[in-house]
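# Show me how the following folds:
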Amino acid sequence: MKIQVSSDLLDGLVLALLNKEDYYGYALTQDMQSAITISESTLYPVLRRLKKEALVETYDQPYQGRNRRYYRITADGKKHLERVKKMWRDYQESLNNIFEAKGEE
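Okay, here's the model as predicted:
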């Protein structure tokens with residue numbers, strides 16, 4: 001069974017990884033796949049949207065004769081990440097209250 005990931009949560013996951021280090025797209029997809037099922041065709045539109053919203057910025061780095069585009073979280077991106085993390089904690093707590101309801105056996 002797959003649980004659908006909302007765009008807010010997807011943004012938060014991307015920003016959380018970028019908060020640890022800068023990534024190029026393929027490497028970011030690989031690390032995301034360790035937690036959720038996601039394809040590059042899903043991730044790149046997310047990155048473009050986050051860039052448009054100034055939550056991430058890009059820079060190019062030469063690699064084996066070509067350029068790799070790296071993504072870096074911005075100050076606004078860090079603020080947004082904190083909001084998403086709070087939303088996640090609240091959501092997780094509300095689900096736990098249901099899953100762990102008293103009287104369940």
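# which residue ranges form the helices in this structure?
Secondary structure of the chain by DSSP state H: the helices cover 7-20, 25-33, 40-52, 75-99.
# Looking at those, spot the one closest to residue 59.
When the helices of the chain are compared for distance to residue 59 using C-beta to C-beta, the nearest one is helix 40-52, at 11.5 Å. From N, CA and C alone the C-beta is placed, and that goes for glycine too.
# re earlier: ok, and which of the helices of the chain has the densest surroundings?
Most buried of the helices of the chain, by mean neighbour count (mean count of other C-beta atoms under 10 Å): helix 7-20, with a mean of 18.
# between that helix and helix 40-52, how many degrees?
Taking axes from the mean of the first three to the mean of the last three C-alpha atoms, to 10 degrees, helix 7-20 and helix 40-52 form an angle of 80 degrees between their directions.
# tell me what helix 7-20 is packed against?
Counting contacts by 3 or more C-beta pairs under 8 Å, 6 or more residues apart in numbering; DSSP states H and E, helix 7-20 packs against helix 25-33, helix 40-52, strand 56-63, strand 66-73, helix 75-99.
# Report the distance from that helix to the chain centre.
From the chain centre to the centre of helix 7-20 is a distance of 2 Å (C-alpha atoms, centre = their mean, to the nearest Å).
# Residue 13 is in contact with residue 35, isn't it?
Yes - the pair residue 13 / residue 35 is scored as a contact, 6.8 Å apart, by C-beta atoms under 8 Å.
# how far does stretch 70-86 sit from the chain's center?
Using C-alpha atoms, centre = their mean, the mean C-alpha position of stretch 70-86 is found 9 Å from that of the whole chain.
# quick one: contacts of it?
Contacts to stretch 70-86, defined as C-beta atoms under 8 Å, 6 or more residues apart in numbering, come from residues 8-9, 11-12, 15-16, 18-19, 22-25, 28, 47, 50-51, 53-61.
# for it, what is the average pLDDT?
Confidence for stretch 70-86, expressed as mean pLDDT, is 97.
# again, but for stretch 30-47
Across stretch 30-47, pLDDT averages out at 90.
# Quote the end-to-end distance of stretch 49-69.
Between the opening and closing residues of stretch 49-69 there is a gap of 15 Å (C-alpha to C-alpha, to the nearest Å).
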